[in-house]
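S.K.: coords below, sequence missing:
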């Protein structure tokens, strides 16, 4: 019976030390992650939302971009949305527009 109590006591001590070490490591190594491995994001009041407006697909790389924050190109009465100036320029060069 005494051996069982000593074993349980040692187990509790090891778990406690492991928890303390993991908390210390989190402080030095970075943000906490949820079980799926993604960072937990805490919304900040001073930070504007990353997505605004509707979403459109970049015709060059296929990435979805916000229509309000995208790099635009007017073509035949249609507005095309690009994720970056590089994708817009690549589209123009491949399409024959300058």
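M.R.: Structure's in. What do you need? Note that the structure is predicted; figures quoted are calculated from it, not measured.
S.K.: Could you check how far whichever strand or helix holds residue 7 is from the centre of its chain?
M.R.: Per DSSP states H and E: residue 7 is located in helix 2-29. Averaging C-alpha positions (Cα atoms, centre = their mean, to the nearest Å) puts helix 2-29 32 Å from its chain's average.
S.K.: what does stretch 85-98 give?
M.R.: The answer for stretch 85-98 is 28 Å, by Cα atoms, centre = their mean.
S.K.: ok, residues contacting that stretch?
M.R.: 58, 59, 60, 61, 71, 72, 73, 75, 80, 82 (Cβ atoms under 8 Å, 6 or more residues apart in numbering). Glycine gets a C-beta too; all of them are placed from N, C-alpha and C.
S.K.: The fourth one: how many residues sit nearby?
M.R.: As a burial measure, the neighbour count of residue 61 was computed by other Cβ atoms under 10 Å and equals 14.
S.K.: which SSE is the residue nearest to it when sequence neighbours are not counted in?
M.R.: In space, and not counting its chain neighbours, residue 61 is closest to residue 87: 5.6 Å by Cβ to Cβ, 6 or more residues apart in numbering. Taking DSSP H and E as the criterion, residue 87 maps to helix 85-95.
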